[in-house]
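Asker: this one's sequence-less:
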């Protein structure tokens, strides 16, 4: 259970991350796409949920010991704290030569009903992770454990991930174009505008498929906007919400 | 319709980009492979056609407005100017955090019978683009629109793309190894030599499959060259053009 | 035939590269994962064998001639020197705009029963290479030949590959997480520990699937270790080697 | 002679590029600092003038000939077209292994009373350039000529330089922090605000030197703002323009 | 006043950062040198003091407002919290296109008797900072304010800086080779060994100046070690501490 | 003593590295400038001498031990093998976080009359190295020893350095623009052409200083070439060798 209603999350899952970035761009918020986080599996569904943040800093040999895996401020404790439905967002400083999590932690996240894992780093045990069926957005895989390159710092702090600031409980949406953050205070406004924009873009795409030209249509001029509104009223638009 | 004959373009489509780069290398032209442009779809056929160039420069907030999408010097007008059969080559300065085009522009390009899109940048609406069936060579996908990181400058100018200079109407060929440019004035000479080289390499590959050793065969010494020429005359080579 | 017994190589093939890096990390050897070498084909099996090293340096035009392909110190001669069962490891200085090998050399390696090709560079003739069925770990593909960016220096020397030092006859293991080196003098010790660790991790993963929590289990505390040892004695662990 | 009055340019030269970026940031224009353009000489004065843009694309061997230096669309012709007082801004695509200009072209620019050269690339003949006394902001030096890595495309076009869009006749200001662009339409507004801001920051800096604390002072709260305004009226501020 | 005695800090200031890294390397701690932090001024003395950490994350436009400069969790409040004698270590995620601090904050740090500023980022108002005489190790300068690229997260947390983990109150030492961290628990042991090593290296350097060969001397074999010990007892070594 | 005559080396020292790269470019050899090797000291004279190559590969912890400093294949033995007058060229794989050499090895090189050190890596003990007065071209400084990041492989092998292939005894020339290699077989031809080109460029520079325009002069057209030849015969050119 999270702070966002299932209805709102389902609305999120009906709009692309591309549309979300455009809506936020128009509101003046540009830097929302997490660089380096791509779907590891080809058939991932779109996910949406509140961010549960984890922060890594670089490794230092006096800290980088297997013993640290058992410490109270460990990735293990962080996983056990994750609420059902959250999306774990792991800031790995773009480190791509050590996997932040392997199959065992991913399996546990799956058992805890974590929705997805999003990171600008990489994972390990790629085959094992695929078996857990946890949805993962990452920058690939690497054999070494996190401890080889990273020190776990803390969870539920503001973090950087893929060049974007993520705060605990910001909304994360991820699909085949990658993962984006919607700042918590903007969520309602953004989702409402995004749902509307999807309807318009779907209509535009159909006009294009039927041979229409771009100028005046994308973006719409007044004439095309009137046509769109009229068709929508008539219910001929396939995605008409009415 | 383009400035290159269909016959010549078909010859192009019968030779690999690997062979084309080797032929041009022997002619002293080395820097012809567009870095960062890979086939987005696994089953792309090889394409060949004249370049239609587009040039982006970095974004500046006073220019980066949705209003700019309607301006006369917009990507929309560029698309409407693309001739049938061309290959759109988009210099995105290697920018990988904003998609130069999404599904709507790609759909329109498809309707205008543009052959393919080649860029050192990325696209957005990845799933929607796959539905348009436009062949795309790019460096992946990102959610944000071009306007978030780029300003459209102009079309049909000399551009840099993936560290290579591309002039309007240069020949572009792209396959699973990526995309290469053949300078317009060299096209006939290059294609002729490439077709010949493919025949030879095919013959060499068969010898290797039959257990032959590399030295003397690749490259061919005189003895092997005579064998090749003889077998070719006899028509025993599977790709013998005679 | 190689210096490692088939029995030892088969043990290697039963443990993941992730496990190998953890075992070596615990022994103080951290930098063993070859950056940039990923399986080109989705269904590659895990491979293990002794390294046969090749070293490239940058291209210089007075050296970068097709004639160099026939020289005694050429990649061709290197391929003809590779022993059956070896894994060719090619240090390409991370060069990603020229393919170190194409289909012809890969076909010859396959005919010589080379087990796999591992490189921090890229290959060319991607489709042709897939037809040879040689297993390849690389950083992708590019059309140009090596000669466009690289000069072949020598074989069976100590090399750098993907930021890791590789000596001739070190053990190489590669799977879906990438490729790792096990220094020759550590091989027995590492494999023995890795086989044991796989059994433990498999048992841990099962507990997690059954709903267990991470703390105390991963890593195991004394209580869980006793449970593990007991179940193992009873033979209830699926991977119990007894 | 340029389109900006000497009075305005002198005002520009009295404010730091740091202040200019802050003023533009408050107006919503963030991406104005040219990455990689640093003063080559330790004692450069601040310069301000209209941009004269030059654009390079990557080299291609069929174009990269010494003969190209004599072509009508050459860097030589561009230099001969530069108006007195302009600042040449050269987009070199961040290329740092070939010098865009050497001592001869810089000497000619100096003779034509060009104010400065700004580039995200590098220069060559470093010692010779220092003798010309042309002020240069660049990313260092390299021995090879531009032709080794770059093709000259055109002048007075919109360009990218250091990740920033520059249009002909935009205002360029450069000092020890680097070089910034002020979009032409914003120049008056920006300079006016910047001159005011410099006075305030100078006053704040004096308070800090006298032991004041930061909170409430930087940025100023109402109380401190009243103090500032009062002291300014009294003429006790050293930079009081009254 | 800090947790390290002045005597210990003075010992630190007598050994190079090069020696410190070698001593820690021999103790198994390798990753201690902060990448990208170089002395801005040519005549900086070596500094040593406890770390006061600051952490930035990337900018997001909804957070990146001038108003944020007045918030309770601001860089201003962090500066006002810095104890006398500390070294401020600022993790800027390697961001080099926005200055973390300008002349006003540096002046205030100087007034608070902060010893130095160390960052993997850059500063702004370079000339003004030099006037404050605060010692700065950074990656250069840039005109824009931090707010253009970064969000201030917090102070006195574990941070990453230049690829190294820094904890509050770790010891920082910086000289012309850059800046290194000595983990707090290792400080006494490291400094003691480093002081001894400096004496030995000074003696070795003198032998080399007098024409000695390297083998057997660096590192010392038994014979040379006896010579060194003997000369030291006699007091002929210039840095003999006795 | 080296394989090049002092007369030839003196001629080399009279031409800039910029001129050398242009001469070699005209002969088809482009990739000759060593990226990342800059003069550490502001007042370095131009140096010219035969390359003595050293090759590093990445560090691996089982090899990276202080003990390795005493092994027969160590940097120490390499230094003791360097002939008088050579220029040591060290391929450090562009590693910038560990110094390849410190003051002790540089002092020994100075005592052995090594002319200079050129590397794409960095050095350590920057102040100490300056005291040795050895001329160094490098990419800066770092505190850690080479062993922290690199393994010494061998000396007098073909190496890559700064993206350029260097063979033992190739000619190295370095000045304020950086360091270039002249392939051994081309040396006489290149130096002869470079000396001539310097005379011409000096004459052109004088014309420019006197107000001449670039077109027709740089490069020279027939009329200007005749003027140049005539003035040269008359002996009015300051650098006329006659």
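Answerer: That came through fine. Being a predicted model, the structure only gives us computed values, none of them experimental.
Asker: Tell me the first helix or strand C-terminal of the top strand by length along chain A.
Answerer: Ranked by residue count under DSSP state E, the longest strand found in chain A is strand A:47-58. Tracing the chain C-terminally past strand A:47-58 and defining elements by DSSP states H and E, one meets helix A:75-81 next.
Asker: Report all helices and strands that the very next helix or strand once past that next one contacts.
Answerer: Reading on from helix A:75-81 to the C-terminus, the next helix or strand found by DSSP H and E is strand A:87-91. Applying 3 or more Cβ pairs under 8 Å, 6 or more residues apart in numbering or on different chains; DSSP states H and E, we find strand A:87-91 packed against strand A:47-58, strand A:116-119, strand A:159-161, strand A:171-175. From N, CA and C alone the C-beta is placed, and that goes for glycine too.
Asker: Contact residues of chain A facing chain D?
Answerer: With Cβ under 8 Å from any Cβ of the partner chain as the criterion, chain A meets chain D at residues residue A:28.
Asker: Give the closest residue to the residue of chain A found nearest chain D in space, chain neighbours not counted.
Answerer: Taking Cβ to the nearest Cβ, chain D has its nearest neighbour within chain A at residue A:28, 7.8 Å off. Closest residue to residue A:28 in three dimensions, ignoring its sequence neighbours and counting by Cβ to Cβ, 6 or more residues apart in numbering or on different chains: residue E:61, at 5.5 Å.
Asker: that older thread, what about the helices and strands packed on strand A:87-91, which gets the closest to chain B?
Answerer: The closest approach between chain B and any of the helices and strands packed on strand A:87-91, judged by Cβ to the nearest Cβ, belongs to strand A:171-175 at 7.8 Å.
Asker: ok, residues contacting that closest one?
Answerer: A:4, A:12-13, A:15-17, A:20, A:37, A:39, A:44, A:46-51, A:87, A:89, A:116, A:118, A:135, A:137, A:166, A:179-184, A:187, B:127 (Cβ atoms under 8 Å, 6 or more residues apart in numbering or on different chains).
Asker: Filter the residues you listed down to the buried ones, PyMOL style.
Answerer: Paste this into PyMOL to select the buried members of those, with burial taken from 16 or more other Cβ atoms under 10 Å in any protein chain shown:
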select buried, chain A and resi 4+12+15+16+17+20+37+39+44+46+47+48+49+50+51+87+89+116+118+135+137+166+179+180+181+182+183+184+187
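Asker: The residue of chain A found nearest chain F: what's it in contact with?
Answerer: In chain A, no residue comes nearer to chain F than residue A:61, which is 10.1 Å away by Cβ to the nearest Cβ. Applying Cβ under 8 Å, 6+ apart, one finds that residue A:61 lies in contact with E:28, E:29, E:30, E:31.
Asker: now do residue A:156
Answerer: In this structure, residue A:156 makes contact with A:52, A:53, A:81, A:168, judged by Cβ under 8 Å, 6+ apart.
Asker: close enough to count as contact, the third one and residue A:155?
Answerer: Yes: Residue A:81 sits in contact with residue A:155 when judged by Cβ atoms under 8 Å, with a separation of 6.5 Å.
Asker: Quick one: mean pLDDT for stretch A:43-63?
Answerer: When the per-residue pLDDT values of stretch A:43-63 are averaged, the result is 94.
Asker: residues of the lengthiest helix in chain A that come out buried?
Answerer: Of all the segments assigned as helix in chain A under DSSP state H, the longest by residue count is helix A:187-209. For helix A:187-209, the buried set under the neighbour-count rule, 16+ other Cβ under 10 Å, comprises A:187, A:190-191, A:193-195, A:197-201, A:203-208.
Asker: which strands and helices sit next to that helix?
Answerer: Under the contact criterion of 3+ Cβ pairs under 8 Å, 6+ apart, helix A:187-209 touches helix A:6-12, helix A:17-26, helix A:222-234, helix B:103-111.
Asker: again, only this time at 6 Å
Answerer: Counting contacts by 3 or more Cβ pairs under 6 Å, 6 or more residues apart in numbering or on different chains; DSSP states H and E, the secondary-structure elements packed against helix A:187-209 are helix A:6-12, helix A:17-26, helix B:103-111.
Asker: Next, the residues that contact that helix from outside, please.
Answerer: With Cβ atoms under 6 Å, 6 or more residues apart in numbering or on different chains as the test, helix A:187-209 has contacts from A:11-12, A:15, A:19-20, A:23-24, A:171, A:182, A:217-218, A:228, A:237, A:239, B:104, B:107-108.
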